[in-house]
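Undergrad: Give me the fold of what follows.
(2 chains)
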Amino acid sequence: DAGITQSPRHKVTETGTPVTLRCHQTENHRYMYWYRQDPGHGLRLIHYSYGVKDTDKGEVSDGYSVSRSKTEDFLLTLESATSSQTSVYFCAISQGGGNSPLHFGNGTRLTVT
Amino acid sequence: GNSVTQMEGPVTLSEEAFLTINCTYTATGYPSLFWYVQYPGEGLQLLLKATKADDKGSNKGFEATYRKETTSFHLEKGSVQVSDSAVYFCALSMEAGNMLTFGGGTRLMVKP
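TA: Modelled structure (predicted):
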């Protein structure tokens, strides 16, 4: 398995609180991604990064921010969590290029009450 | 925009049955196409891919052929096993950044 670690694996938080999810890779891949997985929607891209301090929005970026200060770490922050952000969050990495596969972490299950 | 449509599941089969999971796509241009598999409690794993028309991707007995004329990338396996029970996702990629667009996923359950 690609060296991707997501933390925490599970989190329960209350509406309105800030939450940060962490993705750590040991593969030195340039690209990192945050997806959310919801029933019936497959996976939807939240934000991605194409290098240190270089990030961009995905399909469902509202309510989320990201930071990448080091190649190996990509943080996803919910500034003020809402119940609609209850989901399973997956980090993925890629060397880049249209044919390069994504390698996924094992996910973080977030519940906002 | 780009989109991927998969047949809804669950698909329930007996062991050794033939499997087809349909996938069609809409894209402006010529995407690369992928199938990913997700086992319970895990992230997605690449199963196979095809990067141009008429390419056939294959892995672990699964196959899919990139059909530009029908914009399809159906997944097939001749004889499924209980261990193939998982959720299967079809996806496409258009860009150098390799941002994938996923279908909704199809759950496969194989009974002994």
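Undergrad: Can you get me a residue count around the residue in chain B that chain A sits nearest to?
TA: Residue nearest to chain A within chain B: B:G43 (3.3 Å; C-beta to the nearest C-beta). C-betas here are computed from N, CA, C, even on glycine. Burial measure for B:G43: 24 neighbouring residues, criterion other C-beta atoms under 10 Å in any protein chain shown.
Undergrad: can you tell me which residues contact it?
TA: With contact set as C-beta atoms under 8 Å, 6 or more residues apart in numbering or on different chains, B:G43 has these partners: A:I4, A:F90, A:A92, A:F104, A:G105, A:N106, A:G107.
Undergrad: For chain A, which residue gets nearest to chain B?
TA: For chain A, C-beta to the nearest C-beta, closest residue to chain B: A:F104, 3.3 Å.
Undergrad: Flag every residue of chain A that's near chain B.
TA: Remark: the part of chain A in contact with chain B comprises A:4, A:31, A:33, A:40-45, A:48, A:50, A:58, A:90, A:92, A:94, A:96-107, using C-beta under 8 Å from any C-beta of the partner chain.
Undergrad: ok, of those residues, which come out buried?
TA: Buried residues within the residues of chain A next to chain B, defined by neighbour count using 16 or more other C-beta atoms under 10 Å in any protein chain shown: A:4, A:31, A:33, A:42-45, A:48, A:50, A:58, A:90, A:92, A:94, A:96, A:98, A:100-105, A:107.
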